[in-house]
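A.B. asks: Any chance you can model this:
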Amino acid sequence: MNKQIIHDALILAAFTLVLGFILALVHDITLKPIEAANLATAQAAYKEVFKDADDFKAYDYDADEADKIVADAGYSDTIDDVQQALDAEGNALGYVITVTAKDGSQGSITFSVGIQNDGTVNGYSITDISETPGLGMKAEEEDFYSQFQNKKVDNFTVVKNTPSSDDEIEAITGSTITSKAMANGCNAAICYFQNGGLSEVSANE
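C.D. replies: The predicted model follows:
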């Protein structure tokens, strides 16, 4: 009886070790392709919101301080990444600020916002969204996202009628929550640009 228990325990232990080894091997094999895919997605988003840039350089920023600046301004969003957009000679054109908006209708929305040195918003590019098809997913469509392009404003406000000024964004029909999430995320990026020292760096470039 004891021999059988020991035998079964040894088989179970061996099986566990082999399974652990296989899982570790699979993780190592898939990790690099996943990282490469995520990097490619991010780079595509950077280029989408800063077409004039030839390169992007990670900007050394304090994530906790960035989120505090945004939170103090009344936004629940987080600043996930900051890249400096550079021309062919290495001159700074502005920044790409990646934001996660926490108040989407179906969950968080992550997207990159391009902001020129003078504070002009180039627009945004979404990298992760799970909003309702035919409603919130329209945030990825040009009719909506084009409203944020080439605007120099302190913040965006969502309206239900035709906008009467550059800072007004017409809501997606039936999806005001998503519309506000996108506007708030862009506002968080603008807020950090203005109050996180980026505008001062830009002025000295």
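
A.B. asks: Any idea how far apart the tips of stretch 136-152 sit?
C.D. replies: 25 Å (CA to CA, to the nearest Å).

A.B. asks: Can you show me the strands along this structure?
C.D. replies: With DSSP state E as the criterion, the chain has strands at 55-58, 78-86, 92-101, 109-116, 121-128, 157-159, 168-170.

A.B. asks: Export these as TSV, with columns for mean neighbour count, distance to residue 5 and mean pLDDT.
C.D. replies: No exception for glycine: its C-beta is placed from N, CA and C like everyone else's. TSV is the format used below for the strands of the chain (neighbours: other CB atoms under 10 Å; distance: least, CB to CB, whole Å; pLDDT from 0 to 100):
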stretch	mean neighbour count	distance to residue 5	mean pLDDT
strand 55-58	12	56	95
strand 78-86	21	52	96
strand 92-101	25	51	96
strand 109-116	26	52	97
strand 121-128	21	50	96
strand 157-159	16	67	97
strand 168-170	17	69	98
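
A.B. asks: The closest residue in space to residue 77 that isn't next to it in sequence - how many residues pack around it?
C.D. replies: Counting by CB to CB, 6 or more residues apart in numbering, the nearest residue to residue 77 once its immediate chain neighbours are dropped is residue 188, at 4.0 Å. Neighbours of residue 188 under the rule other CB atoms under 10 Å: 29.
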